[in-house]
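> The following block contains a protein sequence and its predicted model.
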Amino acid sequence: MAQTTPNFGFNIAEGTDTVNLLTQCYPNFTSLDSILQGIKESGVTTAVATKTGTNFAVVRTDTDCNFFRFTATANYVAGDTFTVDGVAVTATSPAGTALASGAFVINQSVIAVLNSAVLTVFAGGVANVDAADVDYDNTGSGLTATNVQDAIDEVKGSIPSGFAATAITYDNTVSGLTATNAQAAIDELAGNSGGKSLIASANANISWASQLTSLETAFNGLTNEQKLGAVLVSGVGVYHYNGNGRFVKTEVTSSVCEIDQLNVLTHTFLRFDSPSSYTNNSSSNNSNTLELYA
């Protein structure tokens with residue numbers, strides 16, 4: 001007597017059965033084909049996303065798969081559009097909202113799900129976070145502020161108008177610097193990079209991206225210990241190493257906390273302006289020589 005498999009109901013012939021290939025075997029193959037196609041469509045395939053102008057053109061390795069991943073070749077900017085395999089789609093966040101600038105950045109792995117003409121993008125990019133929404137622990141500082149925005153405002157408000165760094169006494173006992181006030185100490189550090197050795201330099205009057213590209217090999221040649229103490233020095237200031245190829249310089253004014261980030265691995269210059277915006281200045285020229293010290 002003919003039987004069927006317990007899970008998918010495939011026909012099974014016993015030794016004494018007369019087998020009709022058309023009615024007993026053929027249905028097995030058609031059912032198996034449908035099952036395998038369903039598995040294929042529910043899997044995750046790879047894709048390539050190329051940005052031209054303001055459009056990301058995504059090409060999937062397997063067009064049957066609606067789940068796919070790609071490595072970003074450029075930063076996402078609000079208003080950028082998408083096509084998938086040549087068809088225009090609307091990109092949204094997992095919450096269904098429009099993507100914000102920095103939704104993903106260059107060299108980041110991105111996962112996307114295509115549902116008809118809607119592309120849901122999953123990526124932990126540079127979020128637009130308001131400083132007032134970021135908690136601040138005032139236990140050590142003695143400030144009354146409980147969020148970052150209020151803490152910055154409180155610190156700024158406590159500094160007398162016109163107060164000069166030259167009026168702040170600096171103890172040089174540990175550092176070995178000759179400076180005796182804050183202004184002179186900063187100038188001394190900027191001038192000699194804190195006693196570090198010059199490793200490599202990039203010519204002036206070329207793009208930040210070109211300068212960072214030329215310094216990448218020298219940076220990769222540093223030991224992990226050297227990298228931890230490395231700095232990049234330019235005419236606009238000193239950038240301190242912050243991990244993963246990033247060098248950071250922070251400036252605080254009365255209304256803005258400005259953070260400049262140079263990345264020698266991705267060759268990018270991003271400027272973050274608190275509370276909620278950033279710009280990519282990688283293609284702009286730096287009129288100063290960029291030097292790597294360690």
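Received, thanks.

> Do I have it right that residue 110 meets residue 122?
Yes. Contact criterion CB atoms under 8 Å: residue 110 and residue 122 qualify, at 7.2 Å. The way it works is simple: take the backbone N, C-alpha and C, and place the C-beta from them, glycine included.

> neighbour count winner among those two?
Neighbour count, other CB atoms under 10 Å: between residue 110 and residue 122, residue 110 has more, with 22 against 14.

> The more buried one sits in which helix or strand?
strand 109-115 (DSSP states H and E).

> Could you give me the buried positions within that strand?
For strand 109-115, the neighbour count (16 or more other CB atoms under 10 Å) marks 110, 112, 114 as buried.

> Just checking: what are the partner strands of it?
strand 67-71 (antiparallel), strand 118-122 (antiparallel) (DSSP bridges).

> Could you list everything residue 278 pairs with in the sheet?
Assessed by DSSP bridges, residue 278 has beta-bridge partners residue 272.

> for residue 3, same thing?
Beta-bridge pairing for residue 3 (DSSP bridges): residue 12.

> and it, what pLDDT?
You'll see residue 3 listed with a pLDDT of 78.

> how many neighbours does it have?
Residue 3 has 11 nearby residues by other CB under 10 Å.

> Next up, the contacts around it.
11-12, 14 (CB atoms under 8 Å, 6 or more residues apart in numbering).

> swap the cut-off to 10 Å and go again
By CB atoms under 10 Å, 6 or more residues apart in numbering, residue 3 lies in contact with 10-14, 17.

> Quick check: the gap between residue 156 and residue 150.
Noted for residue 156: a distance of 11 Å to residue 150, by CB to CB, to the nearest Å.

> and these two? which has more neighbours close in?
residue 150 (16 against 13).

> Residue 53 reaches residue 81, doesn't it?
Yes. Between residue 53 and residue 81 there is a contact under CB atoms under 10 Å: 9.1 Å.

> out of those two, which sits in the busier spot?
Between residue 53 and residue 81, counted using other CB under 10 Å, the more crowded position is residue 81 (13 against 7).

> how far away is the most centrally placed residue in the chain from residue 282?
For the chain, residue 105 is the residue whose C-alpha lies nearest the centre (CA atoms, centre = their mean; 4.4 Å). In this view, residue 105 and residue 282 are 11 Å apart by CB to CB.

> Please enumerate the shared neighbours of residue 110 and residue 122.
Here residue 110 and residue 122 have 69, 103-104 as joint contacts, going by CB under 10 Å, 6+ apart.

> Looking at these, which one is closest to residue 233?
Taking CB to CB as the measure, residue 233 lies nearest residue 104 of these, at 30.7 Å.

> ok, that closest one - contacts?
Residue 104 touches 49, 56, 70-72, 74-76, 110, 112, 121-126, counting by CB under 10 Å, 6+ apart.

> ChimeraX command for the buried members of these?
The buried subset of those, as determined by 16+ other CB under 10 Å, is captured in ChimeraX by this line:
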select :49,56,70,72,74,75,76,110,112,121,123,125,126
